[in-house]
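1. Turn this into a structure:
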Amino acid sequence: MYIRNIDPENFVSAYNVDLQLLYPWEGVVEPPFGAVWAVLAPGETTKPHAHQECETFVILKGRGMMSVGDERQAVGPGATTFHRPFDNHLLTNTSDSEELVFLSIFWEERERWADGGGESATEPTEPTVERVLVTAAPPTPNGDLHVGHLAGPYSNADFHARFLRLQGLEAHFVCGTDDNSIYVKTQGRAMGLSPEAAADHFAAGIIETLDAAGFDLAVFPRPNASPHHHRLTQEFFKTLYDGDHLEEREAPAPYCAACDQILFEAYIGGRCPGCDSGVVGNACEDCGLVYDPAEIVEPRCTTCGATPESRPAKRLFFPLSRHRETLREHYRHVSLTPHVRALVERLLADGLPDVAVTHWTDWGIEVPVPGYEAQRIFVWLEMAPRYFAYVEHLNDKLGGEGGWQRYWKGDGARIVQFFGYDNSFYYAALIPALLKAFDPEIRLPEALVTNEFYHLEGEKFSTSRDHRILGRDILAQEPRDAVRFYVAYTAPEREATNFVLDDFHATIDREIRQGWIGWLHGLGARLGEHYDGQVPATGDWTEDHRRFFQRLEGLLQEAAAGYAVPGFSPQRATRALTEIVREARRFAAGESHWQGVTTRTEEQRTAYALEVLAAKLLGLAAAPIMPDFAVALWRALGYPEGPGDGAWKDAFAWVPAGADATGLATAALLSR
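-> The predicted model follows:
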């Protein structure tokens, strides 16, 4: 008899649910759909997921809350749900004692997703976006910026913000220095400077390097000189404290008797309790684990080298574990790189740590709570309201109204944050939870974009071993657009990559000087020879012309996909740029065979107009990474200036017939 019953012995675990597969039924039938019995334990939630199949749930027993995209609805026996391809969905058993049993039926309709979704696109309609706040993790003013720093959040945020402006959006790249880090104090002490003097010294160099790299920062405030930062940080902290979001605890802490100092961050080193790597501070750069200093294996005082003793210390803690569901909901919507998503899923599975948000030190912002005069606010709590202060500075500069809420709560705004993977715990877990605890109505960032480590010749940058290339040094020697291109071309997006000086020179020579500029100068010479340096109007089209035009459309889309989020990839964008040039050279070589054939003059005009259009597109698509090059190229094509705000929308407007492109043959397109 062909009957199957639910049998717990046949259950497998997937999506945080116990499943029993019904089809295919070996030796019986292989229907055009799959089906499973599913049992969700009391209080549990299915893993948020999306797939290319259509799917239906039929609730048989129990009650729960179903979420499909942005829709949420209570469900019970007899309820039926439908999920389109790539709809993100999850089901929560809202009972504390009863299992939730449902039948899942799923099938594939390839035409509904293979071509990008068509009418069945499953992403929820987004509100109109008018303005975007693009942030980068603040540099700590305890040293100069090296090339590894330039290849991380600062270049990525600049690329993205410039691209958004080309798209016609109001986008502002904001950042500032992390002056209150304890690393500033320890570095200053090593140099015989006060913390204030050390911060001023290194911040000046950081600003100089960021400017030399061409990073277009809307505001770059210094926290302790800001009229907003200190006030907003203390207000933020006091709101958390008054709302019972902070807990006072006396817990063991490492204490160095010789230095009379409770050790944390820069004061303590040892081995990571998770992966056993060497660490300094409260977090492991290698595995991303964040821990209490008391958990460090083989701890040592970094000041004197002594082994600390354990001493009880009273501090205020933020119980991150209380905010598990808030974070789970955030992760359903925010765009995360795979490495960060793996980290947060481990955090949810293994348990969220409670984080000390005050520390025994005299450097930083005072704790606005009686009894904590000898402590200061943890800089990673300070990091949350610092982004409010950025908006206040932006409003001061541009005349915007609405305070920090204009971006964090206002309609038509979104926020994208860039940072290194070693800061992932803070940006993906601690800061979102802090923000929601402070104000549940806050709109969290829509994308968290990380980079991995950028090495020098296969090894980590090291100041102590002088294994580094300072940003200011290479920018003084090389065109900044060349440096920007190479760090994008070799960007450490999903894995650690390398800056190799010989490869830098070889790549710029091969791809830019010989490839791009060689083609553009050659195009200018041919225009001078055949059209007196003027851009011709289009004439008749051939099939090759149509294919080339379509290829240009596809490559511009590729570049856009590399600059956008989700999917941000400078590597992808630079590959699209180089491919535009390769396709243009290939096209020009084929069309050159018609030169002198008098019956093909109309087609030849079209070919040249298309090649000039490719040059224009190269300048447009390169503008986020190589703004100086883009300006020089567009001017050589007869435009009065480079690509401006909203230029991407008119990408395929022809370079006007008769435009003077005589300078293209000799234009200095890559210079300091």
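
2. Averaged over its residues, which helix or strand of the protein has the lowest pLDDT?
-> Of all the helices and strands that make up the chain, strand 12-14 has the lowest average by mean pLDDT, DSSP states H and E, namely a mean of 86.

3. Show me what it is packed against.
-> Judged by 3 or more C-beta pairs under 8 Å, 6 or more residues apart in numbering; DSSP states H and E, strand 12-14 is in contact with strand 17-23. For glycine as for every other residue, the C-beta is placed from the backbone atoms N, C-alpha and C.

4. which residues are contacting the strand it packs on?
-> 4, 6-8, 10-13, 29-31, 33-41, 44, 46 (C-beta atoms under 8 Å, 6 or more residues apart in numbering).

5. following that strand, which helix or strand comes up?
-> strand 34-40 (DSSP states H and E).

6. Output the contacting helices and strands for that next one.
-> strand 17-23, strand 100-107.

7. Pick out the shakiest of these, pLDDT-wise.
-> Note on the helices and strands packed on strand 34-40: lowest mean pLDDT is at strand 17-23, with a mean of 89.

8. gap between that strand and the chain center?
-> Its chain's C-alpha centre and that of strand 17-23 lie 37 Å apart, by C-alpha atoms, centre = their mean, to the nearest Å.

9. Kindly calculate the angle that it makes with strand 34-40.
-> 160 degrees (axes from the mean of the first three to the mean of the last three C-alpha atoms, to 10 degrees).

10. What residues of stretch 151-171 count as buried?
-> 151-167, 169-171 (16 or more other C-beta atoms under 10 Å).

11. pLDDT weak spots in the chain?
-> Low-confidence segments of the chain, defined by pLDDT under 70: 1, 110-127, 464.

12. Could you list the domains of it?
-> 8-120, 131-234+383-475, 500-665 (automatic domain parsing).

13. can you put those in CSV and add distance to residue 311?
-> Formatted as CSV, those follow (distance: least, C-beta to C-beta, whole Å):
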stretch, distance to residue 311
domain 8-120, 39
domain 131-234+383-475, 18
domain 500-665, 45
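
14. wait, which of these is closest to residue 353?
-> Residue 353 lies closest, by C-beta to C-beta, to one member of the domains of the chain: domain 131-234+383-475, at 8.7 Å.

15. Off-centre distance for the closest one?
-> The answer for domain 131-234+383-475 is 13 Å, by C-alpha atoms, centre = their mean.

16. Next, residue 2: secondary structure please.
-> coil (DSSP: H, G, I helix; E, B strand; the rest coil).

17. show me the residues around it that make contact.
-> 25, 28.

18. From residue 23, how far off is it?
-> Look at residue 2 and residue 23: by C-beta to C-beta, to the nearest Å, they are 12 Å apart.

19. What of residue 586?
-> Taken as C-beta to C-beta, the span from residue 586 to residue 23 is 50 Å.

20. Of these two, which one has the most company?
-> residue 23 (17 against 12; other C-beta atoms under 10 Å).

21. beta partners of that one?
-> Using DSSP bridges, the beta-bridge partners of residue 23 come out as residue 35.

22. separation between it and residue 85?
-> 19 Å.

23. now do residue 129
-> 25 Å.

24. Counting neighbours, go ahead and name the busier of the two.
-> Between residue 129 and residue 85, residue 85 has the larger neighbour count (other C-beta under 10 Å), namely 20 against 16.

25. Residue 245: what's its closest spatial neighbour, skipping adjacent residues?
-> Excluding the flanking residues, the one nearest residue 245 by C-beta to C-beta, 6 or more residues apart in numbering is residue 437, at 4.4 Å.

26. which residues does the one you found contact?
-> By C-beta under 8 Å, 6+ apart, the neighbours of residue 437 are 240, 243, 245, 318, 323.

27. Please indicate which of the contacts of strand 17-23 are buried?
-> Buried, going by 16+ other C-beta under 10 Å: 11, 33-40, 46, out of the contacts of strand 17-23.

28. quick one: which of these is nearest residue 453?
-> The closest of the buried ones among the contacts of strand 17-23, once distances to residue 453 are taken by C-beta to C-beta, is residue 46, at 34.8 Å.

29. what's around residue 61, how many residues?
-> Residue 61: 12 neighbours (other C-beta under 10 Å).

30. Quick check: bridge partners of residue 415?
-> residue 133.

31. how near is it to residue 255?
-> For residue 415 relative to residue 255 (C-beta to C-beta), the value is 40 Å.

32. Residue 506 now?
-> 53 Å.

33. Looking at these two, which one has more neighbours?
-> residue 255 (19 against 11).

34. so who does the more buried one touch?
-> By C-beta under 8 Å, 6+ apart, the neighbours of residue 255 are 261-263, 308-311, 313.

35. burial count for the closest residue to residue 378 other than its chain neighbours?
-> Nearest residue to residue 378, sequence neighbours excluded (C-beta to C-beta, 6+ apart): residue 357, at 4.6 Å. Residues near residue 357, counting by other C-beta under 10 Å, number 25.

36. Residue 379 is in contact with residue 357, correct?
-> No: the criterion here is C-beta atoms under 8 Å, and residue 357 misses it with residue 379 at 9.9 Å.

37. Return the residues in contact with the nearest residue to residue 212 once chain neighbours are set aside.
-> Nearest non-adjacent residue to residue 212, counting by C-beta to C-beta, 6+ apart: residue 475, 4.3 Å away. Residues in contact with residue 475 (C-beta under 8 Å, 6+ apart) are 209, 212-213, 483.

38. what's the answer for residue 455, then?
-> Going by C-beta under 8 Å, 6+ apart, the list of residues near residue 455 reads 148, 461, 496-499.
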